[in-house]
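J.: coords please:
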Amino acid sequence: MIQRKDVQFRADGAVQLRGWLFLPDGPGPHPAITMAHGYAAAKEHGLEPFARAFAESGFVVLVHDHRGFGASDGRPRQDVDPWRQIADWRRATSFLESLPEV
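T.: Next comes the predicted model:
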């Protein structure tokens with residue numbers, strides 16, 4: 001059975017990014033995938049079925065909300081800054097790599 005956990009991790013500027021971590025069955029470590037919407041949607045907008053499908057195939061999956069969107073911190077809200085999102089995605093990748101399941 002796939003397990004979904006709420007997670008958070010720090011990004012630049014003391015911003016907390018929040019998301020879901022999907023863990024596959026079986027002992028790790030497992031390969032991993034990080035997911036978020038293109039620019040301006042929240043994790044609840046249709047990513048869970050894809051994350052679950054990847055986890056059922058043996059991947060650890062991190063789905064996060066971009067800064068200023070969904071459950072993540074950040075002001076102004078709903079401000080699309082692609083360069084900031086790329087920097088934050090690097091933090092998401094580092095967070096994912098630090099997990100013992102990966």
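
J.: contacting residues around residue 84?
T.: residue 67 (Cβ atoms under 8 Å, 6 or more residues apart in numbering). No exception for glycine: its C-beta is placed from N, CA and C like everyone else's.

J.: Kindly confirm my reading that it forms part of a helix.
T.: Yes: under DSSP: H, G, I helix; E, B strand; the rest coil, residue 84 sits within a helix.

J.: pLDDT score assigned to it?
T.: The per-residue pLDDT reported for residue 84 equals 95.

J.: Next one: it relative to residue 65, how far apart?
T.: Residue 84 is 13 Å from residue 65, where distance means Cβ to Cβ, to the nearest Å.

J.: So what touches stretch 3-21?
T.: Stretch 3-21 is contacted from outside by 22-23, 36, 43, 48, 51, 60-67, 70-74, 87-88, 91-92, 95, 99, using Cβ under 8 Å, 6+ apart.

J.: mind running it again at 7 Å?
T.: Contact partners of stretch 3-21, identified using Cβ atoms under 7 Å, 6 or more residues apart in numbering, comprise 22-23, 43, 62-65, 67, 71-74, 87-88, 91-92, 95.

J.: In strands only, show me these.
T.: Taking DSSP state E as the definition of strands, the contacts of stretch 3-21 contribute 22-23, 62-64.

J.: Could you say which of those residues is surrounded by the most neighbours?
T.: Counting by other Cβ atoms under 10 Å, residue 64 has the largest number of neighbours within the ones in strands among the contacts of stretch 3-21, with 31 neighbours.

J.: which residues touch it?
T.: Residue 64 sits next to 17-19, 36, 43, 72, 92 when contact means Cβ under 7 Å, 6+ apart.

J.: please redo it, this time with the cut-off set to 8 Å
T.: 17-20, 34-36, 43, 72, 92.

J.: For residue 8, which three-state class applies?
T.: Recorded secondary structure, residue 8: strand (three-state DSSP).

J.: Which strand residues bridge residue 16?
T.: Beta-bridge partners for residue 16, by DSSP bridges, are residue 10.

J.: filter the contacts of residue 64 to the buried ones?
T.: Neighbour-count burial (16 or more other Cβ atoms under 10 Å) applied to these gives 17, 19-20, 34-36, 43, 72, 92.
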